[in-house]
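Participant: What follows is a predicted protein model with its sequence.
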Amino acid sequence: MAPPLPPHSLSARPTPHLSRRRLLTTSAATAGALLVGASAASATGSATEDPWPDVIPLPNGFRPEGITIGTGPYAYLGSLGDGSIYRADLRTGAGRIVSAGPGTPSVGLKLDDRGRLFVAGRGQGARVVDIRTGAIIASYTLTTRTPTFANDVFLTPGAAWFTDSFQPALYALPLGRDGRLPGADEVVTVTLSGAWTQTPGETVNANGITRTPDGKALLVVQSGVGALHRVDPRTGVTTLVDLGDAAPLTNGDGLLLIGRRLYVVQNRQNAIDVFHLSTDGRSGIFEGRLSDADFDVPTTVAAHNKRLYLPNARFTTTPTPDTSYAVVAIKC
């Protein structure tokens, strides 16, 4: 067992600034109402607003799942098929494969400020890719228990945290202050307990992950039961986040926290539910629902330039080498 994580492991990492806008056009008493996004604009963007594309095509057969965006206007996406990494220019929609896949899936991914992409690899654990060269610079077996499904990843200054959809556990790769990656034997396992009740078998449990606004705990959505958990990263003890009368987060997938606003992607609902969280992340107020006519089972979300970007995984469509895929951008 590796040593406990250092005290700074959940310190706030800078997040992109997005201007706050009014999500609901009615009073606070109607907080359960739905907000549906504007109808989809053309793939070349809106002529009356900015020219950046609202729909970015991906290679046919790519099968995207995760997305991450750094400081520049580039999104990185992973393939559920062969694990390749694709870079898309958010300004033009053009893109290319920057890292050929190892033949195993890429699921959730996050980019750090050193040009390293941390990739959840489903049953193959995790790997780290240098986006400048496309090379895999580290690989990790997160657990020897089966079944396992490394689904999503979240970065803090002290660790890369991974969820496992088939095991009641989180895995952390401790990161040195100098950027040092851990050795293969330094993976930390944090068993989930408290309010957490694991659904057995290969039902999707832990999925999207982020931190609380105060940076003292983690937030994990449990897809199968539609619950949001606050997780103590040192003990694994969870408590349910009080979301009031909001509907369950059924098929909850990727999470994005900006300030105290939490975006929860619900993939097969083709929707994003939006909450204003308390500072400690123990409760939240439902603000509204975002959707778009171009959504086709979006899985997760990243932000840039006052836009949200979501890859369409199209889980309800049988994948073939000719199946089309895209990233959809909506204003936020």
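Facilitator: The structure has been received and is ready for your questions. Numbers count the residues shown, from 1 in each chain.

Participant: from here on, contacts and neighbour counts on C-alpha atoms
Facilitator: Noted.

Participant: quick one: low-confidence parts of the protein?
Facilitator: Applying pLDDT under 70 to the chain flags residues 1-50.

Participant: how about a cut-off of 90?
Facilitator: Scanning the chain for pLDDT under 90 picks out 1-51, 71-72, 177, 179, 201, 332.

Participant: Pick out the residue nearest the middle of it.
Facilitator: Nearest to the mean C-alpha position of the chain, by CA atoms, centre = their mean, lies residue 254 at 3.7 Å.

Participant: got the phi/psi numbers for it?
Facilitator: phi -70, psi 150 (degrees, to the nearest 10).

Participant: Give me the distance between the residue nearest to it when sequence neighbours are not counted and residue 151.
Facilitator: In space, and not counting its chain neighbours, residue 254 is closest to residue 300: 4.0 Å by CA to CA, 6 or more residues apart in numbering. Distance, residue 300 to residue 151, by CA to CA, to the nearest Å: 11 Å.

Participant: Check residue 258 too.
Facilitator: Between residue 258 and residue 151 the computed distance is 21 Å (CA to CA).

Participant: Equivalent analysis for residue 89, please.
Facilitator: Residue 89 sits 25 Å away from residue 151, taking CA to CA as the criterion.

Participant: Which one's more surrounded, these two?
Facilitator: Neighbours were counted for residue 89 and for residue 151 using other CA atoms under 10 Å; residue 151 has more, 31 against 17.

Participant: my guess is that one meets residue 207, correct?
Facilitator: Yes. In this structure, residue 151 is within contact of residue 207 by CA atoms under 8 Å, at 6.0 Å.

Participant: shared neighbours of those two, anything?
Facilitator: Shared contacts of residue 151 and residue 207 (CA atoms under 8 Å, 6 or more residues apart in numbering): 163-165.

Participant: Show me these that map onto helices.
Facilitator: Among these, no residue falls in helices (DSSP state H).

Participant: In a markdown table: the residues you listed, plus neighbour count.
Facilitator: Shown next, in a markdown table, are these (neighbours: other CA atoms under 10 Å):
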| residue | neighbour count |
| --- | --- |
| 163 | 29 |
| 164 | 27 |
| 165 | 28 |
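
Participant: got these as a markdown table, with distance to residue 285 columns?
Facilitator: Below are the shared contacts of residue 151 and residue 207 laid out as a markdown table (distance: CA to CA, whole Å):
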| residue | distance to residue 285 |
| --- | --- |
| 163 | 25 |
| 164 | 27 |
| 165 | 26 |
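
Participant: Which positions in stretch 58-75 come out as buried?
Facilitator: The neighbour-count check on stretch 58-75 (16 or more other CA atoms under 10 Å) flags 58-59, 61-70, 74-75 as buried.

Participant: so the residue lying closest to residue 70 once chain neighbours are set aside bridges to which residues?
Facilitator: Spatial nearest neighbour of residue 70, chain neighbours left out: residue 111 (6.3 Å); criterion: CA to CA, 6+ apart. Residue 111 forms beta bridges with residue 117, as assigned by DSSP bridges.

Participant: OK, contacts around residue 111?
Facilitator: The contact partners of residue 111, by CA under 8 Å, 6+ apart, come to 68-70, 117-118.

Participant: Now do stretch 177-184: distance from first to last residue.
Facilitator: Taking CA to CA, stretch 177-184 runs 18 Å from one end to the other.
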